[in-house]
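Peer 1: Sequence below, structure please.
(chains A and B)
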Number of protein chains: 2
Amino acid sequence: MLTIAVDAMGGDLGPRAAFRAIEKLLRKQKDVGIHLFVEPDWRDEAEQTLQRFAPRFRVVVCGQSIAADEKPMVVLRHREDSSMFQAIDACRRGECQGVLSVGSTGALMILSRHLLGVLPGIDRPALATRIPTRGRPLLMLDLGATLSATTCNLVQFAVLGVAWCRSMGTEVPSVGLLNVGHESGKGTDEIRGAHQVLGKCMPENYAGFFEGDDLYRGELDVMVCDGFTGNVALKTSEGLTEWLTWMLREELRSHWGLRLLLPFWRRMFRRVHRQIAPSRHGGALLLGVDGVVVKTHGKSDVSTYEYALQYLLRQVQNHDRSSLIEQISHAQGVIA
Amino acid sequence: MLTIAVDAMGGDLGPRAAFRAIEKLLRKQKDVGIHLFVEPDWRDEAEQTLQRFAPRFRVVVCGQSIAADEKPMVVLRHREDSSMFQAIDACRRGECQGVLSVGSTGALMILSRHLLGVLPGIDRPALATRIPTRGRPLLMLDLGATLSATTCNLVQFAVLGVAWCRSMGTEVPSVGLLNVGHESGKGTDEIRGAHQVLGKCMPENYAGFFEGDDLYRGELDVMVCDGFTGNVALKTSEGLTEWLTWMLREELRSHWGLRLLLPFWRRMFRRVHRQIAPSRHGGALLLGVDGVVVKTHGKSDVSTYEYALQYLLRQVQNHDRSSLIEQISHAQGVIA
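Peer 2: Presented below is the predicted three-dimensional model:
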């Protein structure tokens, strides 16, 4: 049986959304166990909702959770009793095989590195997610773990992305660098540096510079960028999708003839939504950590949690530590 | 009569798109003159298309145009004969009141600073454009002139944005900083520094940190970010809009009942398109330069050129140098 740790503290909508999603998961998947980490106030509600799934389900009551803007030193020294620390530590001790957290990305990064360590050859883990595109899904990293990335960070992100895609079955994944132009002189020093290294050392994988409007074309397997840019690009996409959907609905409501066709719209919107909904890619993987850690969106609702839990389960099932390490060491060998 | 300089070299679709747009403009606006700067190969076609508008229209034949990845030193020392250099220089000499260029952003920035200078109190100009949102339009800057912005750059961008909005009639423009979270501890050192300065010195304008999904909410007048992030966010939006529009069209074509309603769709799509089309915000302003310089998208087609020309004309008509300088010096006074 696979057991996963869920840190449900810190989301904008509170842990109740997590309870509902866990209930659905435990009802559907009989071979999965959940350890839920919450503050004392939420113990009773969690047990009322989920205790019937024991012993597959367990509530672990923790102390103060981590605030969004807490300093790294405070997180490491004074939050050992928090739900996030305890959830990751359960993974370290081998009681769980993966962690899902809705808490602060910064804290998750620090605690994962501290408790689980990083894979050999990697300096900093990256936050990665697969976004839907016109063609095949695109693994985008980093999404906020490393705000300013050095050349070395960017190269390692490319190596991590390629290694992960290989471990998921893509034989020769293609990887691009997100930039402000396609020409080799464009971009910051860090990006131009990474362009040179990748061009020399991963010629079969590296496809060059790409711009923001290439993201959704579906021509790549991996897109590498610093965490600031990735975070803004992904959230901008969410905001734009929301606005466009709203605008289309308003247009459809504005005409009686179109209102008559509402059932058609609903079906159509549902199909489109299924392809692009942010909740579908709400689960992001902390790639490079020596363990399976998934961060879900701070604004997670029940459906986002559901997808994130499914995403984590798939990651745990497909996790092949030795293959990842082998891929990384191979790439590092070529680079060095 | 207003005269504007058009540097038509360097666009992905060639200068022909510019000729058509200029023809439409000159036909509609009798009080506007155009000086068109092109390479010798294009002289005959330009004259054939547009010579009938003389003396309002003039072709200036130039030497080698500037390549997209040319080094700043090469641009400054060896491209005095290029269309971009000549167009900006016509502005410096007072022959034209504004410049439109489709060429390299980096070169445009360097040459504009070199030939026109910057406004007193500003270190680096910013590339700014007004994007459509759910509410009022949002002036976003920088979009690629300063890839890595210091705290001081970001503060100056905010000052420039606010000053420009005031000069366009908004009495108390609100300005936000684009970040990876709303909390004060989030972001890079540069952004947190700018947050502190703006909070102290422009309390009536500064509205705090905003995330990517806030861009299209329409709650702000100005959004400040470094040029790398702004460039990627804007181009990502263009790519996503293109994909979503394509997906909806495919959905509508997939069902015979929906195909019957094509005239409705067309009208609806046209209305939505009018609100969001990238060509509508294809014109970006080089804010902080001592003159009126507009950069249009490298992928500009006829309609993009048309909007960019209209945008430039409005800028030239509304340009109030002394008011801008006064606003900047006022803000700098508060900050210092």
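
Peer 1: and the spatially most central residue of chain A, helix, strand or coil?
Peer 2: In chain A, the residue lying closest to the centroid (Cα atoms, centre = their mean) is residue A:284, at 0.4 Å. Look at residue A:284: counting by DSSP: H, G, I helix; E, B strand; the rest coil, its state is strand.

Peer 1: Can you tell me how far it is from chain B?
Peer 2: 13 Å (Cβ to the nearest Cβ, to the nearest Å). No exception for glycine: its C-beta is placed from N, CA and C like everyone else's.

Peer 1: Pull out the buried positions in stretch A:250-263.
Peer 2: A:251-252, A:258, A:261 (16 or more other Cβ atoms under 10 Å in any protein chain shown).

Peer 1: Please disregard the earlier target; I meant stretch A:289-301.
Peer 2: Buried residues in stretch A:289-301 (16+ other Cβ under 10 Å): A:289-301.

Peer 1: and if you look at stretch A:20-40?
Peer 2: Within stretch A:20-40, judged by 16+ other Cβ under 10 Å, the buried ones are A:20-23, A:25-26, A:29, A:32-39.

Peer 1: hang on, the earlier thing: now for the buried residues of stretch A:289-301: which two are most distant?
Peer 2: A:290 and A:301 (30.8 Å; Cβ to Cβ).

Peer 1: The top helix by length along chain A - contacts with which helices or strands?
Peer 2: Using DSSP state H to define each element, chain A has its longest helix at helix A:227-253. Where contact means 3 or more Cβ pairs under 8 Å, 6 or more residues apart in numbering or on different chains; DSSP states H and E, helix A:227-253 is packed against strand A:126-131, strand A:138-141, strand A:175-178, helix A:256-259, helix A:262-276, helix B:227-253, helix B:262-276.

Peer 1: So what touches the second one?
Peer 2: Right, the one you point to is strand A:138-141. Strand A:138-141 is contacted by residues A:126-131, A:157, A:160-161, A:164-165, A:215, A:218, A:220-225, A:230, A:233-234, A:287 when judged by Cβ atoms under 8 Å, 6 or more residues apart in numbering or on different chains.

Peer 1: List the strands paired with it, with their directions.
Peer 2: Here strand A:138-141 has these sheet partners by DSSP bridges: strand A:126-131 (antiparallel), strand A:222-224 (parallel).

Peer 1: again with the third one
Peer 2: Sheet pairing here is set by DSSP bridges, and for strand A:175-178 it gives strand A:206-210 (parallel), strand A:222-224 (parallel).

Peer 1: nearest to residue A:121, of those strands?
Peer 2: Evaluated over these, closeness to residue A:121 peaks at strand A:222-224, with 16.4 Å, by Cβ to Cβ.

Peer 1: what about the residue of the stretch 1-150 of chain A found nearest chain B, how many neighbours?
Peer 2: Of all residues in the stretch 1-150 of chain A, residue A:69 sits closest to chain B, with a separation of 3.0 Å (Cβ to the nearest Cβ). As a burial measure, residue A:69 scores 14 neighbours (other Cβ atoms under 10 Å in any protein chain shown).

Peer 1: What of residue A:267?
Peer 2: So residue A:267, with other Cβ under 10 Å, has 12 neighbours.

Peer 1: before we move on, the earlier item: please identify the most buried of the strands paired with strand A:175-178.
Peer 2: Of all the strands paired with strand A:175-178, strand A:222-224 has the most neighbours on average by mean count of other Cβ atoms under 10 Å in any protein chain shown, namely a mean of 29.

Peer 1: I'd guessed residue A:149 sits against residue A:230; true?
Peer 2: No: contact criterion Cβ atoms under 8 Å: residue A:149 and residue A:230 do not qualify, at 9.5 Å.

Peer 1: Mutual contacts of those two, please.
Peer 2: residue A:142.

Peer 1: And the two? Which one has more around it.
Peer 2: Applying other Cβ under 10 Å to residue A:149 and residue A:230 shows that residue A:230 carries more neighbours, namely 31 against 26.

Peer 1: give me every residue that touches that one.
Peer 2: Residue A:230 neighbours (Cβ under 8 Å, 6+ apart): A:127, A:140-144, A:178.
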